[in-house]
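1. With the sequence up front, the predicted model follows.
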Amino acid sequence: MNLNVRARLAACLWTERPGAWCRAWKMLLFPASLCYGAAVRIRVLAFQKGLLRSSRLPCKVVSVGNLSLGGTGKTPTTIYMAELLQTIGCRVAVACRGYGGTCEKQGALVSDGQTLFLGPGEAGDEPYLLARKLAGVPVAVGRDRARAGRMCVERFGSEVLVLDDGFQHLGLRRDLDLVLLDSRRRLCSGRLFPGGFLREPASHLSRADAVLWTRSTPGGSGAGEELPCRLVFHSSHEPVALMVGKQGVWRARQLGKGATCDPEWLQGRRVLAFSGIADNDDFFRTLEGLGGRTLARLAFPDHHRYLASDVARIADAARDAGVEGLVTTEKDWVRLPAGWRVPLPLFALQIRIVVHEKERFEAFVRGALFGP
């Protein structure tokens, strides 16, 4: 499928005020959404009634998940949770599915917390990024998250396993279920996939121990909805730094070892922004909020693997727009293969999660895992 068509269809799923063609597309997919919703409800009920089994690991399990098709900030929140648990004094490991990686099916160890064993092609972009950023935290991938977790417990004595994107992974019991919701989007106006952005009905939030509204303002109240969950917290995405890549031949594994500069570098700069994440528009808005003049924007589908044709397209757009540099996300940074000819300085924006109710949230995590 053409990249522009794929990106446009993805945007159609997220919009709350669709145009005529988007409304027609959603109406066409409405019967499929009903069937998908019925299958989801039956599956959840089967686990609740014991018809499908859930396994338990000999360690605490924390799930960071969501109800939507990405774009809520699971990766930076997983980093936040792993680092928080480290400060509490726990031996932490992270388990991911490894979507898009060649090791997704059989499972593998991405990192032992010190040494990287897999690249982004084998591990998937998100697990690779987690492994690069989390010092002292083993990262494993595999569809069978219980198997990945047992490997971490046996090899590293892990006391807490953090599941990245684990809310729908009901085959593994957890001690804490944290669900992320984007404060800019109302669940009540969202439809189930494939006619909308929801992976589960909003009523399934009753399974969660807490909800974390992301991209919220301090003192904000999310999207103003009543949720079937007793604990609600709020967080925001904060730009931290710009990773700096050198002009010339690109080496993708510079991540985490290269130079950085303050995001204020973007003030008044003419840049080309490109990304292949769930919500490309949010990334572009962030750059504009930092003062960047995004003279050209290229949006690719989520988890897009960049090819030589993409490089040529980016280079041509940069030349035509007369920009001073290229800016992308950390996830896209790790998907850029070595050997590319980079026509301009390349930057990757680093984002971190800031929880507004920090002390209350930390007390909640401690209590959920270890008691009052």
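-> Sure thing, it's come through.

2. Neighbours of the closest residue to residue 187 other than its chain neighbours, how many?
-> Leaving aside its chain neighbours, residue 187 sits nearest to residue 202 (4.1 Å; criterion: CB to CB, 6 or more residues apart in numbering). C-beta coordinates here come from the backbone N, C-alpha and C atoms, glycine included. Using other CB atoms under 10 Å, the number of residues around residue 202 comes to 17.

3. Phi and psi next, for residue 202.
-> Phi and psi for residue 202, reported as degrees, to the nearest 10, are phi -60, psi -30.

4. List the contacts of it.
-> Going by CB atoms under 8 Å, 6 or more residues apart in numbering, residue 202 touches 67, 187, 188, 190, 227, 228.

5. Tell me the pLDDT of it.
-> Per-residue pLDDT puts residue 202 at 90.

6. now it: how far from residue 173?
-> 23 Å (CB to CB, to the nearest Å).

7. next one: residue 321
-> 52 Å.

8. again, but for residue 216
-> 29 Å.

9. which of the two has more neighbours?
-> Neighbours around residue 216 and residue 173, counted as other CB under 10 Å, are more numerous at residue 216. The numbers are 23 against 14.

10. Would you mind measuring from that one to residue 182?
-> Here residue 216 is placed at a distance of 9 Å from residue 182 (CB to CB).

11. for residue 118, same thing?
-> Residue 118 is 30 Å from residue 182, by CB to CB.

12. quick one: which of these two has more around it?
-> Shown here are residue 118 and residue 182; by other CB under 10 Å, residue 182 has more neighbours (24 against 21).

13. what pairs with the more buried one across the strands?
-> residue 214 (DSSP bridges).

14. do you know how far it is from residue 353?
-> For residue 182, the distance to residue 353 equals 13 Å [CB to CB].

15. Residue 147 too?
-> With CB to CB as the criterion, residue 147 and residue 353 are 28 Å apart.

16. Return the distance of stretch 365-372 from the chain's centre.
-> Centroid separation for stretch 365-372 versus its chain: 25 Å, with CA atoms, centre = their mean, to the nearest Å.

17. same question, stretch 134-148
-> Distance, centroid of stretch 134-148 to centroid of chain: 16 Å (CA atoms, centre = their mean).

18. cool, stretch 274-287 as well?
-> The mean C-alpha position of stretch 274-287 is separated from the chain mean by 13 Å, CA atoms, centre = their mean.

19. Stretch 26-34 now?
-> When distances are taken as CA atoms, centre = their mean, stretch 26-34 is centred 26 Å away from the chain's centroid.

20. now stretch 276-296
-> 17 Å.

21. try stretch 230-249
-> 11 Å.

22. What would it look like as PDB? C-alpha coordinates only.
-> Taking Å, rounded to 0.1, in the frame of the first residue of the first chain, the C-alpha atoms of stretch 230-249 are listed here in PDB:
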ATOM      1  CA  ARG A 230     -10.500   4.000  41.100                       C
ATOM      2  CA  LEU A 231      -7.000   5.600  40.800                       C
ATOM      3  CA  VAL A 232      -6.200   8.200  38.200                       C
ATOM      4  CA  PHE A 233      -2.800  10.000  37.700                       C
ATOM      5  CA  HIS A 234      -1.600  12.500  35.200                       C
ATOM      6  CA  SER A 235       1.700  13.000  33.300                       C
ATOM      7  CA  SER A 236       3.200  15.000  30.500                       C
ATOM      8  CA  HIS A 237       5.800  14.500  27.800                       C
ATOM      9  CA  GLU A 238       8.800  16.600  28.400                       C
ATOM     10  CA  PRO A 239      11.500  17.200  25.700                       C
ATOM     11  CA  VAL A 240      14.900  16.500  27.300                       C
ATOM     12  CA  ALA A 241      17.600  16.900  24.600                       C
ATOM     13  CA  LEU A 242      18.500  16.500  21.000                       C
ATOM     14  CA  MET A 243      20.700  13.600  20.000                       C
ATOM     15  CA  VAL A 244      23.200  14.900  17.400                       C
ATOM     16  CA  GLY A 245      24.200  12.800  14.400                       C
ATOM     17  CA  LYS A 246      27.000  13.800  12.200                       C
ATOM     18  CA  GLN A 247      26.600  14.800   8.600                       C
ATOM     19  CA  GLY A 248      27.800  12.200   6.100                       C
ATOM     20  CA  VAL A 249      27.600   8.400   6.400                       C
END
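
23. What are the buried residues along it?
-> Neighbour-count burial for stretch 230-249 flags 233, 234, 235, 236, 237, 239, 241, 242, 243, 244, 245 (criterion: 16 or more other CB atoms under 10 Å).

24. Quick check: mean pLDDT of that stretch?
-> Here stretch 230-249 scores 83 as its mean pLDDT.

25. about what we covered before: quick check: strands, which of the buried residues of stretch 230-249 are part of them?
-> 233, 234, 235, 236, 237, 239, 241, 242, 243, 244, 245 (DSSP state E).

26. what's the neighbour count on residue 88?
-> So residue 88, with other CB under 10 Å, has 15 neighbours.

27. thought it was touching residue 366?
-> Yes - using CB atoms under 8 Å, residue 88 is in contact with residue 366, at 6.6 Å.

28. sorry, back to before: which of the contacts of residue 202 ranks first by neighbour count?
-> That'd be residue 67 among those, by other CB under 10 Å, with 24 neighbours.

29. For it, give me the pLDDT.
-> pLDDT, residue 67: 92.

30. Quick check: closest non-adjacent residue to it.
-> Using CB to CB, 6+ apart and skipping residues adjacent in sequence, the residue nearest residue 67 is residue 200, 5.2 Å away.
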